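Enquirer: After the sequence you'll find the predicted model.
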Amino acid sequence: MTEGLTKAAARNIFYGGSLFFFLVFAALTAHSHFYIVNTSTQPMSDSVRLGKHVWEEHNCINCHTILGEGSYFAPEVGNVWTRYGGHQNPEGARMALAAWMRAQPTGAPNRRQMPYFEINDEEMEALIDFFEWTDAIDTQGWPPHPAG
C-alpha cells in the first residue's frame, strides 16, 4: 500500500474546498446585503435621491469623502449632519450647511477653496437631505475622528 495523496484525492479536496469556500462567500455576501438593506440604512425618499444625484452630478467625491470613499482633499461629509449639530437643531444645521455651500469660494488666502456650484433651493435642500440620510447610516464607528 502506498502512502501519499493520489491525483483523485487531491482533485476531490480541491473541488470540495472550492465549493465549500464559494458557499461561505455567497452566504456572507447575502448576509451583508440583507444587513445593509434591512438594518444599516433607511429607505431613500425622492428628496434624498435627488440629493444623491446632485452629489454625483457635481462630482463632489472628487474632493470629499463620503463614508471613507473618495478623495481626501476636502472634509468627510458622511457625518457632516452631526458636525453641524443636526440632531440637536435640524433647522439651524440646514441653514448653516446651505449658507456654507452658497458662500464658497470664500477667497481666504492660503486655504483650499470649494468652487461655487449653481444649485437651486430645491437641489440644496435635497443635498442636505442626502447628508442627513448618509449620517443616519450605521457605520460602526467610521470615521474614527469626527472631522473625518
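Expert: That came in fine, so what should we check first? Numbers count the residues shown, from 1 in each chain.
Enquirer: contacts and neighbour counts: CA atoms only from here.
Expert: Noted.
Enquirer: now Q113, what's its secondary structure?
Expert: coil (DSSP: H, G, I helix; E, B strand; the rest coil).
Enquirer: For the chain, which segments are assigned as helices?
Expert: 7-35, 46-57, 80-83, 90-102, 121-135 (DSSP state H).
Enquirer: can you put those helices in TSV and add mean pLDDT, mean neighbour count and distance to W142?
Expert: Putting the helices of the chain into TSV (pLDDT from 0 to 100; neighbours: other CA atoms under 10 Å; distance: least, CA to CA, whole Å) gives the following:
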stretch	mean pLDDT	mean neighbour count	distance to W142
helix 7-35	96	12	17
helix 46-57	97	17	20
helix 80-83	93	20	13
helix 90-102	96	16	21
helix 121-135	96	21	11
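Enquirer: is it possible to export those to a markdown table including distance to F73?
Expert: Shown next, in a markdown table, are those (distance: least, CA to CA, whole Å):
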| stretch | distance to F73 |
| --- | --- |
| helix 7-35 | 30 |
| helix 46-57 | 16 |
| helix 80-83 | 15 |
| helix 90-102 | 16 |
| helix 121-135 | 18 |
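Enquirer: for the ones you listed, which one sits closest to S71?
Expert: Shortest distance between S71 and those, using CA to CA, is found for helix 46-57: 13.6 Å.
Enquirer: Now do that closest one and helix 121-135, the angle between them.
Expert: Relative orientation of helix 46-57 versus helix 121-135 (axes from the mean of the first three to the mean of the last three CA atoms, to 10 degrees): 90 degrees.
Enquirer: Touching helix 46-57 from outside, list them.
Expert: Outside helix 46-57, the residues that touch it by CA atoms under 8 Å, 6 or more residues apart in numbering are I61, E123, M124, E125, A126, L127, I128, D129, F130, W133.
Enquirer: tell me the two of those that are most distant?
Expert: Checking the contacts of helix 46-57 with CA to CA, the most distant pair is I61 and E125, at 18.6 Å.
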